[in-house]
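1. could you work out the structure for the sequence below:
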Amino acid sequence: MNIKKTMSVILSILMILSLSVTSLASGMELENLELEQNFVQPRYAYIRTFSASISVSGNKITGCTNIETDTGTTSIVRMYIEKKVGTNWETVGTVLDSGNFVGGILDGLKNSRNVSSGCQYRIHSTVVVYYNNRIVETADRYSETKTL
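-> As a prediction, this is how the structure comes out:
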């Protein structure tokens with residue numbers, strides 16, 4: 001009987017300690033995270049940096065996309081302007097800009113288009129990353145929303 005009681009006490013202590021260690025680890029991770037616009041971010045094997053931004057001047061929207069992928073990759077980036085219609089986002093016109101990029105350097109796209117006022121807009125950028133002539137990753141990024 002004494003062995004059963006001792007084992008249950010030891011197992012209870014181990015269980016309590018394992019719960020407290022998990023709680024401390026979780027708190028430490030949250031402490032070191034930087035708050036960004038997109039707090040939850042996927043992590044990729046080949047994409048180092050990928051972002052989309054928007055700026056407005058009068059009725060002109062300028063979209064900017066930055067991309068950096070690993071050395072040895074190539075990527076195709078396309079950037080679109082999207083307008084909010086009801087609860088949906090629709091592409092405005094054709095591709096705002098596109099480009100093919102070689103991995104290992106930070107590069108980007110920047111282009112502008114006139115749009116109508118009274119609407120909400122955002123930039124939507126897509127990337128397809130190739131390594132050894134095969135698709136290894138794809139990703140989408142959205143800018144913040146701006147109202148004209």
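
2. the protein: helices as residue ranges?
-> Ranges of helices in the chain, per DSSP state H, are 2-32.

3. where does it have low pLDDT?
-> Within the chain, the segments meeting pLDDT under 70 span 1, 17-42.

4. residue contacts, E82?
-> By CB atoms under 8 Å, 6 or more residues apart in numbering, E82 lies in contact with W89, E90, T91, V92, Y121, R122, I123, H124. The way it works is simple: take the backbone N, C-alpha and C, and place the C-beta from them, glycine included.

5. nope, S125 is what I meant
-> S125 touches F50, A52, G63, T65, V77, R78, M79, Y80, L109, D140, R141, Y142, counting by CB under 8 Å, 6+ apart.

6. tell me the bridge partners for the first one.
-> Here F50 sits in beta bridges with I67, going by DSSP bridges.

7. close enough to count as contact, it and I67?
-> Yes - taking contacts as CB atoms under 8 Å, F50 lies within contact range of I67: 5.3 Å.
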